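[1] Please find the sequence and the predicted model below.
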Amino acid sequence: MKHLFRAGVLLLGLFAIMFILPRVMPIPGSLLDFGFHKPNAAKDEQLWASLPISYAQSTACSSCHQDNYRAWQQSNHKTVACENCHGAANAHLNGQGLPEINDSRELCGTCHARVTGRPVSFPQVDMNEMGGQAACSTCHNPHDPRAGMPPRVPHELEDRTNCQSCHAPHEPIVTPPPVVPHSLEGRTNCLACHGQQQVSRPVAPPKVPHSLDGRSDCLVCHNAGGIKPFPKDHAGRASGTCLSCHGGK
């Protein structure tokens, strides 16, 4: 019985040290400076109440930005608040200028950088390789990241990775599969864009946002050191192939 009594005393002592002693000990003044302690609760409430309102609900954006709001609300990004990218909105709502948009690669990488612990099905890329140093929004629409994606492969691949063996224009089958509807210039890996049914696909390339007005040499402006540099994986492609993917306005 003595060993049970000793064990009971030991447990009571541990309970007192862990749960009772911290509650009766005085709070050091240095900790009170950080707030959220009972003696400082009223002061903390006054401090937080005095801070200016900086943020707003995403619904506040809907009245003026209906198209983008509607696209965002129906997209995979609907759980990402507008202010995550556009910054605090309250000043803008009160007519005090436009919020500064954060379109940095680092912000996108917060969710989409390849991390071992993330599910394979979650869209993630190697931020050091994908798109050079261009902003992700160059190709991806932040409001609707799946808009305009190439169609998925509608059948099982069964180790058939050479898509052009069936889908190339020269195929002599009586009832051939659909012909490739775009130039194959520099693009030999169809699955890089079209993927399998189980794989997430990238968004479609951006369209030319202006009138060409007879300007057919895209590389005059869109070169490695130009106004809008093209991604590294576009190196070696000629101007004549640009509109195969990017189209016109």
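    Cool, the structure landed. Residues are numbered from 1 along each chain as shown.
[2] Kindly provide the distance from residue 53 to residue 241.
    51 Å (C-beta to C-beta, to the nearest Å). Bear in mind the C-beta positions are built from the backbone N, C-alpha and C, glycine included.
[3] in the chain, which spans are helices?
    For the chain, helices defined by DSSP state H occupy the ranges 2-15, 21-24, 29-32, 41-50, 66-73, 83-86, 90-93, 105-112, 164-167, 191-194, 242-246.
[4] Make CSV out of these and add distance to residue 217, mean pLDDT and mean neighbour count.
    As requested, these are exported to CSV (distance: least, C-beta to C-beta, whole Å; pLDDT from 0 to 100; neighbours: other C-beta atoms under 10 Å):
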stretch, distance to residue 217, mean pLDDT, mean neighbour count
helix 2-15, 80, 84, 9
helix 21-24, 74, 74, 8
helix 29-32, 67, 71, 10
helix 41-50, 59, 83, 10
helix 66-73, 33, 92, 15
helix 83-86, 34, 92, 18
helix 90-93, 40, 90, 16
helix 105-112, 29, 92, 16
helix 164-167, 29, 75, 13
helix 191-194, 25, 72, 14
helix 242-246, 9, 73, 17
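[5] can I get those in JSON lines with distance to residue 59?
    As requested, the helices of the chain are exported to JSON lines (distance: least, C-beta to C-beta, whole Å):
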{"stretch": "helix 2-15", "distance to residue 59": "49"}
{"stretch": "helix 21-24", "distance to residue 59": "43"}
{"stretch": "helix 29-32", "distance to residue 59": "39"}
{"stretch": "helix 41-50", "distance to residue 59": "23"}
{"stretch": "helix 66-73", "distance to residue 59": "8"}
{"stretch": "helix 83-86", "distance to residue 59": "12"}
{"stretch": "helix 90-93", "distance to residue 59": "11"}
{"stretch": "helix 105-112", "distance to residue 59": "22"}
{"stretch": "helix 164-167", "distance to residue 59": "45"}
{"stretch": "helix 191-194", "distance to residue 59": "35"}
{"stretch": "helix 242-246", "distance to residue 59": "35"}
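[6] ok, the residue nearest the centre of the chain - contacts?
    With distances taken as C-alpha atoms, centre = their mean, residue 108 lies nearest the centre of the chain, 4.3 Å away. Listed by C-beta atoms under 8 Å, 6 or more residues apart in numbering, the contact partners of residue 108 are 136, 140.
[7] Numbering from 770 from now on, please.
    Sure thing, new numbering starts at 770, so read that last one as residue 877.
[8] Tell me how far it lies from residue 900.
    Applying C-beta to C-beta to residue 877 and residue 900 gives a distance of 10 Å.
[9] ok, residue 822 and residue 1010, which is more surrounded?
    In this view residue 822 and residue 1010 are compared by other C-beta atoms under 10 Å, and residue 1010 has more residues nearby, 17 against 10.
[10] Could you verify my assumption that the more buried one touches residue 952?
    Yes: Residue 1010 lies in contact with residue 952 (C-beta atoms under 8 Å); the separation is 5.4 Å.
[11] so what pLDDT did residue 954 get?
    The predicted structure scores residue 954 at 69 on the pLDDT scale.
[12] Kindly apply the preceding question to residue 831 instead.
    Residue 831 is assigned 91 on the pLDDT scale.
[13] contacting residues for the closest residue in space to it that isn't next to it in sequence?
    Of all residues not flanking residue 831 in the chain, residue 838 sits nearest, at 4.3 Å (C-beta to C-beta, 6 or more residues apart in numbering). Going by C-beta under 8 Å, 6+ apart, residue 838 touches 827, 830, 831.
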